[in-house]
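okay, predicted coordinates and the sequence, questions at the end:
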Amino acid sequence: MALKVGSRGSIPPFIVMEVMRAAAERAASGEAVYHLEVGQPGTGAPRGVIEAAHRALDSERIGYTVALGVPALREAIARHYRDVHDVAVSAERVVVTTGSSGGFILGFLAAFDPGDRVALAAPGYPCYRHILRTLGIEPVEIETGPAERYQPTPELLDAARADGPIDGLIVASPSNPTGTMLDETAMRRLAAYCEAEGIRLVSDEIYHGVTYDFAATSAAGLSERALVINSFSKYFSMTGWRLGWMVVPEDLMGAVERLAQNLFISPPTLSQHAAVAAFDCHEELQANVARYGRNRALLLEELPKAGFTEIAPGDGAFYLYADIGHLTNDSQDFCARMLRETGTAATPGLDFDPARGHRTMRFSYAGTSEEVAAAADALKRWLG
């Protein structure tokens, strides 16, 4: 008799991981590959973090920590909100997590029940909807476009609520895949709407710090009932250290702590001790952001010459999102051909927008400037 297989694993794949695999196979055959597909900084952790990790290995037992994270790191994160956002956040409300992914799992479980409906912008990060569905929560995708700068608005939420109640809203500013941001006025308006309508605001702030024309606004300073999620992966360049954090509303703290104890025991210990030093490394980290800015400027100048003329305003993060409907109606095939014929790896829009992503794609410029320039030249030769 066949054994039952659970249905929770039947979520769609994360397409960018498949693009990475195809790019790796091409590289293994000795052919050139230009990595514009993955949202990973091209630099490793800052020097101060590496040095702190060595000290911790020499002096710490590297056993379990308390479930909410080591006090020194929670206090450093709280100071970060004071220093960067001029917002008073109690260290008692800071929860260290196993990457932002662990934060989303804990936050969604604490804030929502199976059958609840959580709104999110499309295009958007695919793992939001995949995690929600795995937990039995219904993702309500709100189609956004250039008129809204690819961000949710109170008006779009009003329209979505016509089909049923909305229990939560996920907002990302800067956004993956578009790089667009909500300015302070727009973020404040959205937070006020959620507060008035009883909608739990979940603010994904993992790209904070990676901005170009104006600073990002944290929901931590706009609503004490918002759930804020951040990470050491992007600005702090610590992807493989698997460390993130949350600023948790008081009414969710007990649930988050119990869930963290049972699901994760504690975040990675070595990473926690090392991450305390990350907040003293801003000079090195700002140099990374300056490089992203140069890569962004290069692509904004060169991609239109290759035929990519409709690009979302990349206010932050390290992505450009292009409408390629004039070039193809099958972004997955287009990206596969582009990799095969030019060596340039990029992500088809279907990862981020199942309904309209067949005509869009995302470029990441998180790598080296040399790689980004080589990819731009290859694309101009291919389509120019």
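Arrived safely.

what's the worst-scoring helix or strand of the chain on mean pLDDT packed up against?
Of all helical and strand segments in the chain, the minimum by mean pLDDT, DSSP states H and E falls on helix 15-28, at a mean of 88. If contacts are counted by 3 or more C-beta pairs under 8 Å, 6 or more residues apart in numbering; DSSP states H and E, helix 15-28 sits against helix 331-342, strand 344-345, strand 347-348. The way it works is simple: take the backbone N, C-alpha and C, and place the C-beta from them, glycine included.

need the ones you listed in TSV with distance to Q261 and mean neighbour count, can you?
Output for the helices and strands packed on helix 15-28, formatted as TSV (distance: least, C-beta to C-beta, whole Å; neighbours: other C-beta atoms under 10 Å):
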stretch	distance to Q261	mean neighbour count
helix 331-342	41	18
strand 344-345	40	26
strand 347-348	36	29
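
now render these as a markdown table, adding mean pLDDT and distance to E31.
Shown next, in a markdown table, are the helices and strands packed on helix 15-28 (pLDDT from 0 to 100; distance: least, C-beta to C-beta, whole Å):
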| stretch | mean pLDDT | distance to E31 |
| --- | --- | --- |
| helix 331-342 | 95 | 9 |
| strand 344-345 | 96 | 11 |
| strand 347-348 | 96 | 19 |
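
those: which one's closest to V372?
Closest to V372 of these is strand 344-345 (C-beta to C-beta; 10.1 Å).

for the stretch 1-150 of the chain, which segments count as helices?
15-28, 47-59, 71-80, 99-111, 126-134 (DSSP state H, counting those that start in this stretch).

could you do the stretch 201-350 of the chain as well?
In the stretch 201-350 of the chain, the segments counted as helices under DSSP H, counting those that start in this stretch are 250-263, 269-275, 282-302, 331-342.

out of those, indicate the one that is most buried.
Compared across those, helix 269-275 shows the largest average neighbour count, a mean of 22 (mean count of other C-beta atoms under 10 Å).

now render the helices and strands packed on helix 15-28 as TSV, adding distance to E155.
Formatted as TSV, these follow (distance: least, C-beta to C-beta, whole Å):
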stretch	distance to E155
helix 331-342	28
strand 344-345	37
strand 347-348	29
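
do you know which of the ones you listed lies nearest G168?
Per C-beta to C-beta, nearest to G168 of the helices and strands packed on helix 15-28: strand 347-348, 26.2 Å.

who does the next helix or strand after that closest one pair up with?
Downstream of strand 347-348, the first helix or strand assigned by DSSP states H and E is strand 360-364. According to DSSP bridges, strand 360-364 forms sheet pairs with strand 319-323 (antiparallel), strand 347-348 (antiparallel).

can I get the ones you listed in JSON lines including distance to L339?
Converted to JSON lines, the strands paired with strand 360-364 look like this (distance: least, C-beta to C-beta, whole Å):
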{"stretch": "strand 319-323", "distance to L339": "16"}
{"stretch": "strand 347-348", "distance to L339": "11"}
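
hey, which of these is tucked in deepest?
The most buried stretch of the strands paired with strand 360-364, if neighbours are counted by mean count of other C-beta under 10 Å, is strand 347-348, with a mean of 29.

contacts for that one next, please.
Contact partners of strand 347-348, identified using C-beta atoms under 8 Å, 6 or more residues apart in numbering, comprise 15-16, 19, 37, 177, 331-332, 334-335, 357-358, 360-362, 364.

which pLDDT value goes with A122?
We have a pLDDT of 98 for A122.

ok, it - contacts?
141-144, 352-356.

rerun that using 7 Å as the cut-off
Residues in contact with A122 (C-beta atoms under 7 Å, 6 or more residues apart in numbering) are 141-144, 353, 355.

between these, which has the most around it?
D353 (25 neighbours; other C-beta atoms under 10 Å).
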